[in-house]
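Novice: return a 3D structure for these sequence lines:
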Amino acid sequence: MNGIFITAELEGELAERIHALQEEFDPKMARALPPHVTLTGSSGAGPLPPDTPVDVLKAAILPIAATTAPITLRFGLPERFVGRNIVSLRLDPHGPLRELHERLKMSGLPFQPARYPFTPHCTLNLYPSLTAEKLRKMLAVRITEPFTVRLLHVYHTHEPQPPDLLFEVPLTGS
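Specialist: Reported below is the predicted structural model:
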């Protein structure tokens, strides 16, 4: 994968808890990025071309962040993606998170086609094969407390190298 993604990283104790789970279930993935929700790049809107200039990205993303208030969310139960060995903590795909995703998607940036419909989530594992025991353990995870998305992060992902943070921007709307 070589492209630009927009994410919302988790913060504080919740990020630490989910990172510990990712370390347990998929150490390779846990080293790549902090726990996050991908807003564009995988579902709903594909990645941006890697040669998209940062000033073009900022011109589109900064006004959206400036008019978007921090978003409080709550994870649902863990789910396995159909036909894949990936388990994630799902989020409601409607409401303010969908609105933010749509605003980014319609910003005029040249997103590549998405392979999947918008399915906001935080991934628990990505790379290793799932054993029945690991799958049971992941599906038993419960994260019940609400959390707030306050920052957008824009990354250039170019596997197998670690992603590069291009910039971050706070959500400052009211």
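Novice: tell me which residue lies nearest the centroid of the chain.
Specialist: Most central in the chain under C-alpha atoms, centre = their mean is Thr38, positioned 1.9 Å from the mean C-alpha point.
Novice: helix, strand or coil for the residue lying closest to it once chain neighbours are set aside?
Specialist: Once flanking residues are discounted, Thr38 sits nearest to Thr7: 5.2 Å by C-beta to C-beta, 6 or more residues apart in numbering. Yep, even glycine has a C-beta here, placed from its N, CA and C like the rest. In three-state terms, and counting by DSSP: H, G, I helix; E, B strand; the rest coil, Thr7 is strand.
Novice: looks like Thr7 contacts Leu39 (just checking).
Specialist: Yes: under the criterion of C-beta atoms under 8 Å, Thr7 makes contact with Leu39 at 6.3 Å.
Novice: show me whatever sits in contact with both of those two.
Specialist: Residues touching both Thr7 and Leu39 (C-beta atoms under 8 Å, 6 or more residues apart in numbering) are Leu152.
Novice: helices or strands next to the one helix or strand in the chain whose mean pLDDT sits lowest in the packing?
Specialist: Every helix and strand in the chain was compared by mean pLDDT, DSSP states H and E; the lowest is helix 27-32, with a mean of 88. When contacts are defined as 3 or more C-beta pairs under 8 Å, 6 or more residues apart in numbering; DSSP states H and E, helix 27-32 packs onto helix 12-25.
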